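>>> just the structure for this:
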Amino acid sequence: MLSSVPQLVPERRARQSRPYARSSATSCPHLRLVEPVNELPIELRGRDPDLIRRAFPLLARVVDSYFRMEVEGTEHLDDGACMIVSTHNGSWATPDLYGLMVTFLRRFGLETPAVALMHDVVFKFPVVGDLLRRVGAIPAGHRNARTVLRSGFPLLVCPGGDIDSLKPFSRRHQITFGQRRGFIRTALREQV
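Take a look at the predicted model:
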């Protein structure tokens, strides 16, 4: 059960109102432990906080050293019910999503669930599908989006999906949603 697992939050970016506790057992000494506030609904329990905790240092190194990403506006991110809408660049590599994930986890902690909607086809690949579920991805759909938001968790959507991620480099600063605008209706209905 998620409520018994403490959250790991970076010391330099953590909210000051959360209680502080150090752990010598963690492999990430620069993070602090914070108790989670919400319990995941059954549909979202495939998430594996231990895997995320072990993979975070490597992922952060890739984002910081290889992609050299700079993320601005993190003060606008929320760890409650909200919809984070992003463009989707880089085809299968999706460096923008790695950067957003690392930024979110640095701000709110490794145990704070952030759920990403992904195309159903990626879950059909045996190893990849299981890995994506374990880091917080679920199949895209209105029902899953409503479940996440009504449970009080942030939801990441990249409405352009394959259309947006496979656009030519010359259009990298343009967002291509195509006819995919259901996320707007969902955000309005759920008032996020």
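>>> what helix or strand is residue 138 on?
Assignment of secondary structure by DSSP states H and E places residue 138 within strand 137-139.
>>> equivalent analysis for residue 155, please.
strand 154-157.
>>> in its sheet, what does that strand sit against?
For strand 154-157, sheet partners with direction are given as strand 82-85 (parallel), strand 115-118 (parallel), following DSSP bridges.
>>> show me what contacts the closest residue to residue 95 other than its chain neighbours?
With sequence-adjacent residues excluded and distances taken as C-beta to C-beta, 6 or more residues apart in numbering, residue 95 is closest to residue 67, at 4.8 Å. Bear in mind the C-beta positions are built from the backbone N, C-alpha and C, glycine included. Applying C-beta atoms under 8 Å, 6 or more residues apart in numbering, one finds that residue 67 lies in contact with 95, 98-99.
>>> neighbouring contacts of stretch 180-191?
Judged by C-beta under 8 Å, 6+ apart, the contacts made with stretch 180-191 from elsewhere in the structure are 81, 83, 85, 142, 145-146, 149-150, 157, 159-161, 163.
>>> so residue 188 versus residue 175, what's the distance?
In this structure, residue 188 and residue 175 are separated by 19 Å, where distance is defined by C-beta to C-beta, to the nearest Å.
>>> nope, residue 130 is what I was after
Here residue 130 is placed at a distance of 30 Å from residue 175 (C-beta to C-beta).
>>> show me which of these two is the more surrounded one.
Neighbours of residue 130 and residue 175, each counted by other C-beta atoms under 10 Å, are more numerous for residue 175; the result is 15 against 12.
>>> what about the more buried one? Give its phi and psi, please.
phi -100, psi 130 (degrees, to the nearest 10).
>>> so what's it closest to, chain neighbours aside?
Looking at residue 175 with C-beta to C-beta, 6+ apart, the closest residue is residue 87, at 4.8 Å.
>>> go on, residue 161?
residue 119 (5.6 Å).
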